[in-house]
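**Student:** Quick check, what structure comes out for this input:
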Amino acid sequence: MTSLHIGIAGAGLAGRTLAWRLLRAGCRVTLFDARPRAALDTASMTAAAMLSPLAELAVSDDAVFALGQRSMVLWPRWIAELAEGGGAPVYFRQKGTLVVAHAPDQSSLEHFTRLLQHKLPDACRAQVHTLDAAALAAQEPALAGRFGGGLFLDSEGQLANDQWMAALAIEIDRLGGQWHEGQAVERLEEGRIVCADATHAVDVAVDARGVGSKGQWPAVRGVRGEVLRVECPGVTLQRPVRLMHPRYALYVAPRPDHQFVVGATELESEDNGPVTLRSTLELGSALYSLHPAFGEARVLRLSAALRPALDDHRPAVVLRGGVWHINGLYRHGYLCAPAVVDELAHKLLGTESKEAT
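**Tutor:** Sure, this is the predicted structure:
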């Protein structure tokens, strides 16, 4: 065990998960965040939390794929460890992903398939299955008769990000972590976290503020993402579905109680205002095209947030000016977070990470 006092600026996915891992290791941890812990207008809460290393490989690189594969091993372990504290369970499924396209958009699905086959390591090729209409219907009965076929990406998964974030907050409190909610951080220095009204001495300072870190890391930029959350008792999906389209790839992630998180938009913009009418129409019409019963879905929430990205679109853990930075999770936040957090936790603790196998 260690008595290190670690201050973390940013209580989003990376900061909150890191705080929990360090508290479990015996550190003292203080969290600072400009928002209250239950805020919904954050990148961590504006996400479908699909765990899709194979599907994302088509639009990312080998480094992100490797982090995703490692995280797929860590996620069930960490969810089980979080449950040890007696908190509420976190919805987690690992039943694969379906990729489909309507007949006019088959070329988009074919292009996606070629990219995946070109980039996928030989050892993972057995996880990709081409389905005809009957096999697709067997995998996902709700889509029977609606598509001529598709791809099944085995072993991919998803989790409920809102449940994960809420459970972390409860466990951090139980383990004695300190929170400074509604406390914006002006800057981080070696051994210090500087807020408007006070400077806090720590042994190690960590910047996990995402786009909020731009002042100290100008290379960070925000990429706007928008999601729609609906409730639709008329549809049951067993796993996430990606719908290929020439302009965007819609994803639909099922959640408990017939709720669904729907997204597609990714805009090179740092506008963090409300969801646009255009995005609302595109998300809604694409969802309706997946299954007409979605026409009666109840809209629970429309949300937008800025995902932090670096030029190479890879997550980064770096020591800059005596301050540790964890940033650049981009669209791969939940896919890569465990591997990236685990790397930084072991650096801070001076221990070696066991390779996930």
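
**Student:** What segments of the stretch 51-200 of the chain are helices?
**Tutor:** Ranges of helices within the stretch 51-200 of the chain are 53-57, 62-83, 106-119, 133-139, 161-174, based on DSSP state H, counting those that start in this stretch.

**Student:** ok, now which ones touch Asp154?
**Tutor:** Taking Cβ atoms under 8 Å, 6 or more residues apart in numbering, we find Asp154 in contact with 96, 126-129. Just so you know, the C-beta spots here come from the backbone N, C-alpha and C atoms, and that holds for glycine as well.

**Student:** Quick one: closest of the helices of the stretch 51-200 of the chain to Ala286.
**Tutor:** Evaluated over the helices of the stretch 51-200 of the chain, closeness to Ala286 peaks at helix 106-119, with 12.5 Å, by Cβ to Cβ.

**Student:** most surrounded residue in the contacts of Asp154?
**Tutor:** Sorting the contacts of Asp154 by how many neighbours each has (other Cβ atoms under 10 Å) puts Gly96 first, at 21 neighbours.

**Student:** ok, that residue touching Arg242?
**Tutor:** No: Gly96 is beyond contact range of Arg242, at 11.4 Å (criterion: Cβ atoms under 8 Å).

**Student:** Can you say which of the helices of the stretch 51-200 of the chain is packed in most?
**Tutor:** Highest mean neighbour count of these: helix 53-57, a mean of 24 (counted as mean count of other Cβ atoms under 10 Å).

**Student:** For that helix, which helices and strands make contact with it?
**Tutor:** Packing partners of helix 53-57 (3 or more Cβ pairs under 8 Å, 6 or more residues apart in numbering; DSSP states H and E): helix 62-83, strand 97-100, helix 106-119.

**Student:** pLDDT of it, averaged?
**Tutor:** What helix 53-57 shows for mean pLDDT is 95.

**Student:** ok now that helix, how far from the chain's centre?
**Tutor:** 13 Å (Cα atoms, centre = their mean, to the nearest Å).

**Student:** A strand includes Val230, no?
**Tutor:** Yes: Val230: assigned to a strand according to DSSP: H, G, I helix; E, B strand; the rest coil.

**Student:** Name the residues linked to it by a beta bridge.
**Tutor:** With beta bridges defined as DSSP bridges, Val230 has these partners: Phe260, Val299.

**Student:** what ranges of the stretch 51-200 of the chain fall below the confidence cut-off?
**Tutor:** Within the stretch 51-200 of the chain, no stretch has pLDDT under 70.
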